[in-house]
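> Just need the structure, nothing else, for what follows:
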Amino acid sequence: MSKKTYQVLKVSLKNNSFFLILFFFFNSSFASDIPNLTKQNDFALITNQESNILDIINLTTLEKVSEIKLGNSPVGIVIDQKKKKAYVTNPKDNNITEINFIQKTKELIPAGKNPLGIALSKDKNHIFVTNWYDNLVSVIEVKSKKIIKKVKVGKNPAGIIVHRESGDIIVCNRGSNNIMLIDSHKYIIKKTIDVEKSPFGVFFDDKEKRIFVTNVQSNSISIINYDNLILSKNIEVGKWPYHVALDGINNKILISNQRENSISVINSNNYEIYKKINEICEYPEGININNNKKIAIVACWFSDEVVIIDLLDYTVKKRISASGGPRGFGNFILKN
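Below you'll find the predicted structure:
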């Protein structure tokens, strides 16, 4: 409950207790569908665009344990691990949903038109959202829940991440065939780097200081050296690569190939194709890796399932039914 809401309720209590009860009931952000997440387990939080549901999957038992109602057509997700909050983009509602797993509350935050990708600032005090049709990155202050800045970027911005050390914002411009680095203090474009056709997903390798970008219509990924911001290599993968994840156990790069129903596995050192996992599911999209559990988690849009891949042999370990249209665009693992 906000301070302002509390003050209104306090005044109302003196005049009309019945009104107070109704006011609290209809305006409180308390959400009964938010589950207790035990500290012993990690969880995958999967956005479902068709059913408007966030699926909660226990990564120890590999079972879906709960569902949380979201806004319309949820896609992107980012998690504040320390505060146990998840932020989800709702493109058709022009807002994001903030889910607080400690206080069990939900709150809608205005996010500009058609918010898609989402990231948190280094200090977790600001939310960055890509606005697909307006060609903007909206900067939202977490405390005030208001947009404080709009940064003009390229055409159809999609994936967005934040560098853990510098705080730089990295955004893919699908319609401009480039990525941009944005200064997170001055909110100005520091660098524009051309890649191949239709960049969409982006991932940063902290250890090797590399940026990985999926180029949807080139069937490739681009690898950029963060130190000098130079494109070092383009690698051909499967059809319509969507997202990238890094397997820290085997030193491999995993790419979900949307229109090939496959996962490409690439050696991280020499960039040679190690393996392709075929017929993984229909339209694999978001992919995250949990190194502790030695698994990869893949959201499969068209087959309405979440597929768990065993990183020991790159075989399917389990298939979990999703609520409808799982996308999982972003970092969706809540760690405990």
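> you'd agree K252 is up against S268?
Yes. Under the criterion of CB atoms under 8 Å, K252 makes contact with S268 at 5.9 Å. (C-beta placed from N, C-alpha, C; glycine too.)
> Tell me which stretches of the stretch 201-336 of the chain form strands.
Secondary structure of the stretch 201-336 of the chain by DSSP state E, counting those that start in this stretch: the strands cover 210-215, 220-225, 230-236, 241-247, 252-257, 262-267, 273-277, 284-290, 295-300, 305-310, 315-321, 329-330, 333-334.
> Give me the packing partners of the last one, helices and strands only.
What that stands for is strand 333-334. In terms of contacts (3 or more CB pairs under 8 Å, 6 or more residues apart in numbering; DSSP states H and E), strand 333-334 is packed against strand 43-48.
> Just the CA trace of the strand it packs on, in CSV.
Extracted as CSV, the C-alpha positions of strand 43-48 are listed here (Å, rounded to 0.1, in the frame of the first residue of the first chain):
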residue,chain,number,x,y,z
PHE,A,43,12.0,-21.0,-9.9
ALA,A,44,11.4,-20.3,-13.5
LEU,A,45,8.8,-17.6,-14.1
ILE,A,46,7.4,-18.1,-17.6
THR,A,47,5.3,-15.4,-19.3
ASN,A,48,2.4,-16.8,-21.4
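> End to end on stretch 194-210, go ahead and measure it.
Terminal residues of stretch 194-210 are spaced 15 Å apart (CA to CA, to the nearest Å).
> Could you give me the buried positions within it?
By 16 or more other CB atoms under 10 Å, the buried positions in stretch 194-210 come out as 195-196, 198-205, 210.
> Sort out which residues of stretch 54-62 are buried, please.
For stretch 54-62, by 16+ other CB under 10 Å, it's 54-59, 62.
> could I get these as JSON lines with distance to N156, secondary structure and pLDDT?
Output for the buried residues of stretch 54-62, formatted as JSON lines (distance: CB to CB, whole Å; DSSP: H, G, I helix; E, B strand; the rest coil; pLDDT from 0 to 100):
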{"residue": "L54", "distance to N156": "25", "secondary structure": "strand", "pLDDT": "98"}
{"residue": "D55", "distance to N156": "27", "secondary structure": "strand", "pLDDT": "98"}
{"residue": "I56", "distance to N156": "30", "secondary structure": "strand", "pLDDT": "98"}
{"residue": "I57", "distance to N156": "30", "secondary structure": "strand", "pLDDT": "98"}
{"residue": "N58", "distance to N156": "35", "secondary structure": "strand", "pLDDT": "97"}
{"residue": "L59", "distance to N156": "33", "secondary structure": "coil", "pLDDT": "97"}
{"residue": "L62", "distance to N156": "35", "secondary structure": "coil", "pLDDT": "98"}
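> Pipe those residues into JSON lines and attach distance to L120 per row.
As requested, those are exported to JSON lines (distance: CB to CB, whole Å):
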{"residue": "L54", "distance to L120": "17"}
{"residue": "D55", "distance to L120": "21"}
{"residue": "I56", "distance to L120": "20"}
{"residue": "I57", "distance to L120": "22"}
{"residue": "N58", "distance to L120": "24"}
{"residue": "L59", "distance to L120": "21"}
{"residue": "L62", "distance to L120": "27"}
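> of all those, which two lie farthest apart?
Across the buried residues of stretch 54-62, the longest distance by CB to CB is 17.4 Å; it joins L54 and L62.
> okay, now V78: neighbour count?
Per other CB atoms under 10 Å, the neighbour tally for V78 reads 25.
> Apart from its chain neighbours, what residue comes closest to it?
Nearest non-adjacent residue to V78, counting by CB to CB, 6 or more residues apart in numbering: I118, 4.8 Å away.
> What separation do you get for that neighbour and D183?
Distance from I118 to D183, counting by CB to CB, to the nearest Å: 19 Å.
> Could you do K190 as well?
Counting by CB to CB, the gap from K190 to D183 is 5 Å.
> list the residues that contact both of those two?
Common contact partners of K190 and D183 (CB atoms under 8 Å, 6 or more residues apart in numbering): D168.
> residues contacting I102?
With CB under 8 Å, 6+ apart, I102 has these contacts: 83-84.
> Would you reformat the buried residues of stretch 194-210 as a markdown table and include distance to T315 and pLDDT?
A markdown table is the format used below for those (distance: CB to CB, whole Å; pLDDT from 0 to 100):
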| residue | distance to T315 | pLDDT |
| --- | --- | --- |
| V195 | 32 | 98 |
| E196 | 31 | 98 |
| S198 | 31 | 98 |
| P199 | 30 | 98 |
| F200 | 27 | 98 |
| G201 | 24 | 98 |
| V202 | 28 | 98 |
| F203 | 23 | 97 |
| F204 | 28 | 96 |
| D205 | 25 | 94 |
| R210 | 27 | 97 |
